[in-house]
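In: model the structure of this input:
(chains A and B)
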Amino acid sequence: MTTSAAATSQAPAKGRKARLSGPDRLTVALMVGVPTLVVLLLVWGPAIATVLFSFFDWDGYSPFSESPFVGGKFYTEAVTIYPAFWPAIQHNLIWLAVLFLVATPLGMLTAVLIDHEAKFTKFYQTSFYLPVVLSMALVGFIWQLMFSRDQGFINGITGWSIDWYGDSRYNLWAALIATTWRHMGYIMLLYLAGLKGVDQSLREAAKVDGAGERQTFFKVVFPVMAPINIIVLVVTVIESLRAFDLVWVINKGRNGLELISTEVTRNIVGEAQRIGFGSALATIMLLISSVFIVIYLRIVMREDS
Amino acid sequence: MPRRPSTEAEYLASLVPASARAQQAMRAQQLDRRALLRGAGVAGAALALPSLLSACGGSSGGSASGGGAASGTVKLGSNQSDAVPKAAVASLVAAFQKANPGLTVVTNTIDHNTFQENINNYLQGSPDDVFTWFSGYRMRYFASKGLIGDISDVWGNLQGYSEAQKKASTGDDGKQYLVPTTYYPWAMHYRKSVWDKHGYTVPKTLDELVALSTKMQKDGLAPIAFGDKDGWPAMGTFDILNMRVNGYDYHVSLMAGKEDWTGAKVKKVFDQWKALLPFHQADSLGRTWQEAAQSLQKGQSGMYYLGTFVAQQFAKGAEQDDLLFFNFPEIDSAVGADAIDAPIDGYMMSKRPKNEAGSKKFLEFLGSGPAQDILVQADPSVIACSEKADTAKYTKLQKASLDFVKQAKSIAQFLDRDSRPDFASTVVTPALQSFIKNPADLDTILGQVESQKKAMFTS
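Out: Next up, the predicted model:
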């Protein structure tokens, strides 16, 4: 696109279309090279290192070259004797399901409602979007005020004594309510932007043809918004796989709130320094994420071709 | 969040063979920065975590100055991030600078929990010259990795420390690495006014404790306040039951990974705990220790087994004077009740301080009576390590703590200070929480602890 734009504006220099001048070539090389380098250094480097570490028992202090190779030992340990592993996988899947089936549809619904310019639209829009501005950690603190067993708002007005954050029967759902609260606003904003971009004449045409509100949305508006739908889908998957901060703030991801991300952190970052074991967990997480990445890429590439 | 209580340290010395130790120390010096970058890169990029302690410390110029006259700047890394202890450190620094006009101490305060969690990166990066840390395995571990400076010569000038305290400051190689400043015992706390009102008396045996708890339940109190949201308070309960049932020596060897967690001895500890659980405040996994302490303060709970730092939730003066404690009662008369948890906090020097002479001067000051007077007066929930400290100004609670510690025959540090950090944080913490959640699962839980222990302690 850049080349054709340049060609039209500088019509006389015909040769430019095929060959770039020195400075241009340098620019292109920099623009391609720098991001590639950054990606290699910050994404692929650590990712490959993580996979590598997971096969060695390295204590984090002595030279890595001297750490013994342990093969798949840490993977075996993770799936057999590490009690938090299977609950963590399960919780991540529940997280994904709830965001996908509840939070995202709710966000879309609010977007559609607000798009209809009901009264106080601006007010609703702001209040739904407000949580998105807050960090997940802050969201955790705010909901702590609602959920605290002895001092919380919910138990305060209902007279219950449910231990929302502490009882492992409830705390995952409590955390999901807090996440939904924030995720909804995010999706709403994305979707609202998409809805504003839909050509009004399409709706009018649908109306003229006798389509009802619902039909117009599902048969006309929704398909037209395919690109936005894909973005929303991807955002949802990413948000649920990287879920971490909220549960970490609640109780460091223990006692019913285990997620793969919290287990990786617990083993690598803290005083523990089980780098090999933590890397094995991280690699498993990488594999799970790749499944979704592959699905996404296939959809995108099919559309392109 | 206040100080995280923990315990002492005489144990896992045997884990690292002496030959390996010396080599590691040398290697660690060469490798530390690279290792830090790699380690942080993995965790950070794989998870997109926020960056960690990047802000602490300056650039690492690196060259050890060693010896010479003590002057210039000493950098102090402090985990005393709460308002009260932070002010105490500030006045400590002021007093030191007044006595040593040539020296300036620059304090770098880091959030307490953050400091603890990032200690690995901190020590391998560019640590401050002097920094706060704990005694126990937690200290010896870093000493054996060659990440802490030897301060044996400072110890030569220190006075008023007991042999046990020196031992608690000594690494596996027989050198000293820590200047202990303050410590605090764990005990059963109660409010005198509440007990007087109901006519309760201090229980001497487990049976009496159970009888008292039953009475409290009838009076509408939660007998034993309990909050284990943060994961470590339950370690205190486990420690004390273990030391009452199996004794101090068993505690040491259990923490060193030398005992079978599925064996009868550990099971007996949990069986005792199971019998006491109904008297503990319900839903403890969602409650912080602060909330549990407030229930004691409000008179909703009868007693609370915690470190004396529970006093931080009580107003200074009359309210703290109303707070008393008693030793956890005897369970087995053959074992007795003379072992307690009383973790020591102190200061260490980094491996290559930029101002070694100044750092040692400062550490020597920290080990003196007047310096510790400043600390314990600012925070009356702890007591001074040095006998040179002035006990005349102690509050009622501090005097009681001092007497209590003196009568104890064995002092443990705390589960997470006495054992491998990875074992304590990734295995024991979740296991104790699972037990509290579902005591009937005990056999499964202990089986998981044992198999993980084997994998960790043999690696």
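
In: residue boundaries of the helices in the stretch 51-200 of chain A?
Out: Secondary structure of the stretch 51-200 of chain A (DSSP state H, counting those that start in this stretch): helices at A:73-80, A:85-98, A:104-115, A:121-133, A:136-147, A:153-158, A:171-196, A:200-208.

In: wait, which of those helices is closest to residue A:241?
Out: Nearest to residue A:241 among the helices of the stretch 51-200 of chain A is helix A:85-98; the distance by C-beta to C-beta comes to 6.9 Å. Heads up, the C-betas are built off the backbone N, CA and C, glycines and all.

In: wait, does the closest one contact chain B?
Out: No: using C-beta under 8 Å from any C-beta of the partner chain, helix A:85-98 never reaches chain B; the gap is at least 10.0 Å.

In: packing partners of that helix?
Out: helix A:73-80, helix A:171-196, helix A:226-241, helix A:260-268, helix A:275-304 (3 or more C-beta pairs under 8 Å, 6 or more residues apart in numbering or on different chains; DSSP states H and E).

In: break the chain down into its domains, please.
Out: Just going to use chain A. Annotated domains of chain A cover A:21-73, A:84-273 [automatic domain parsing].

In: wrong one, chain B
Out: B:12-181+B:345-387, B:186-341+B:420-458.

In: which of those domains has the lowest mean pLDDT?
Out: Of all the domains of chain B, mean pLDDT reaches its minimum on domain B:12-181+B:345-387 (a mean of 77).

In: how about TSV for the domains of chain B, with distance to chain A added?
Out: Putting those into TSV (distance: least, C-beta to the nearest C-beta, whole Å) gives the following:
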stretch	distance to chain A
domain B:12-181+B:345-387	4
domain B:186-341+B:420-458	2
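
In: for residue A:248, find the nearest of those domains.
Out: Comparing these by C-beta to C-beta, domain B:12-181+B:345-387 comes nearest, at 9.5 Å.

In: tell me how far that closest one is from the chain's mean position?
Out: 15 Å (C-alpha atoms, centre = their mean, to the nearest Å).

In: coming back round to it: and among the helices and strands packed on helix A:85-98, the most buried is which?
Out: Most buried of those by mean neighbour count (mean count of other C-beta atoms under 10 Å in any protein chain shown) is helix A:260-268; its value is a mean of 26.

In: just want the angle from that helix to helix A:275-304.
Out: Angle of helix A:260-268 versus helix A:275-304, following axes from the mean of the first three to the mean of the last three C-alpha atoms, to 10 degrees, is 150 degrees.

In: is there proximity between helix A:260-268 and chain B?
Out: Yes: using C-beta under 8 Å from any C-beta, we find that helix A:260-268 touches chain B at A:261, A:264-268.

In: re earlier: with mean neighbour count added, can I get the domains of chain B in CSV?
Out: CSV is the format used below for those (neighbours: other C-beta atoms under 10 Å in any protein chain shown):
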stretch, mean neighbour count
domain B:12-181+B:345-387, 19
domain B:186-341+B:420-458, 19
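
In: and the residue of the stretch 1-150 of chain A found nearest chain B, what element?
Out: Of all residues in the stretch 1-150 of chain A, residue A:46 sits closest to chain B, with a separation of 3.5 Å (C-beta to the nearest C-beta). Residue A:46 belongs to helix A:45-53 when assigned by DSSP states H and E.

In: gap between that helix and the chain center?
Out: Relative to where its chain is centred, helix A:45-53 has its mean C-alpha point 22 Å off (C-alpha atoms, centre = their mean).

In: what does stretch A:204-214 give?
Out: 35 Å.

In: again, but for stretch B:196-207
Out: Distance, centroid of stretch B:196-207 to centroid of chain: 29 Å (C-alpha atoms, centre = their mean).

In: same check, this time on stretch B:413-421
Out: 8 Å.

In: quick revisit: quick one: closest of the helices of the stretch 51-200 of chain A to residue B:249.
Out: Across the helices of the stretch 51-200 of chain A, closest to residue B:249 is helix A:73-80 (C-beta to C-beta), at 30.3 Å.

In: which other helices and strands contact the closest one?
Out: helix A:85-98, helix A:275-304, helix B:442-458.

In: okay, the helices of the stretch 51-200 of chain A in TSV with mean pLDDT next?
Out: TSV is the format used below for these (pLDDT from 0 to 100):
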stretch	mean pLDDT
helix A:73-80	91
helix A:85-98	93
helix A:104-115	91
helix A:121-133	87
helix A:136-147	87
helix A:153-158	88
helix A:171-196	92
helix A:200-208	88
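
In: compare those helices and give me the one nearest residue B:155.
Out: Among those, the nearest to residue B:155 by C-beta to C-beta is helix A:73-80 (40.7 Å).

In: and the angle for that closest one with helix A:260-268?
Out: Going by the same axes, to 10 degrees, helix A:73-80 makes 130 degrees with helix A:260-268.

In: what's the burial count for whichever residue of the stretch 101-250 of chain A sits closest to chain B?
Out: Nearest residue of the stretch 101-250 of chain A to chain B (C-beta to the nearest C-beta) works out as residue A:166 at 1.7 Å. When neighbours are counted by other C-beta atoms under 10 Å in any protein chain shown, residue A:166 registers 29.

In: and residue A:102, by the same measure?
Out: Other residues close to residue A:102 by other C-beta under 10 Å number 15.
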